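**Q** sharing a sequence plus its predicted fold:
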Amino acid sequence: MLRDPGVYGVAIAAGYCFFAAGMYCFARLMLADSPNRRLAATAGVLIALAPGCRPQYALAALLLCAVYIWYLRGPRREALWFGAPIAICGFLLL
């Protein structure tokens, strides 16, 4: 990307940055002993910002929501801390 800076290079790099940071927070959330609301909200916001840069990350965000609900063994209140930022950003992008 540094050799050939174009218009799309910034969007690709930003989408990857948001998604990678979100996956890091999501992995820490999944490996934690108990659900952490702050970490879930941070992961949700970062994963929600990725589809704004690259639309194909929207499918990954929906898949991660399903994985987190499965991890919690069904829909629970803790899932809202992860899913609400994704839903809000998705609504704002529409």
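**A** Perfect, thanks for sending it. Numbers count the residues shown, from 1 in each chain.

**Q** which stretches of the chain have low pLDDT?
**A** 1-2 (pLDDT under 70).

**Q** at 90 what do you get?
**A** Residues of the chain that meet the criterion pLDDT under 90 lie in 1-12, 32-36, 69, 71-79, 94.

**Q** break down it into its helices, ranges please.
**A** Secondary structure of the chain by DSSP state H: the helices cover 7-31, 37-53, 57-71, 78-93.

**Q** how about the ones you listed in TSV, adding mean neighbour count?
**A** C-beta coordinates here come from the backbone N, C-alpha and C atoms, glycine included. Converted to TSV, the helices of the chain look like this (neighbours: other C-beta atoms under 10 Å):
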stretch	mean neighbour count
helix 7-31	15
helix 37-53	21
helix 57-71	16
helix 78-93	17
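
**Q** got the contact list for A61?
**A** By C-beta atoms under 8 Å, 6 or more residues apart in numbering, the contact set of A61 is 47-48, 50-51, 86, 90.

**Q** can you check Y16 too?
**A** Under the criterion of C-beta under 8 Å, 6+ apart, the contact list for Y16 reads R54.

**Q** with L29 as the reference, measure out to the residue most central in space within the chain.
**A** Ranked by distance to the mean C-alpha position of the chain (C-alpha atoms, centre = their mean), the top residue is I47 at 1.5 Å. In this structure, I47 and L29 are 11 Å apart, going by C-beta to C-beta, to the nearest Å.

**Q** cool, V67 as well?
**A** Distance from V67 to L29, by C-beta to C-beta: 11 Å.

**Q** Q56 now?
**A** Q56 is 23 Å from L29, where distance means C-beta to C-beta.
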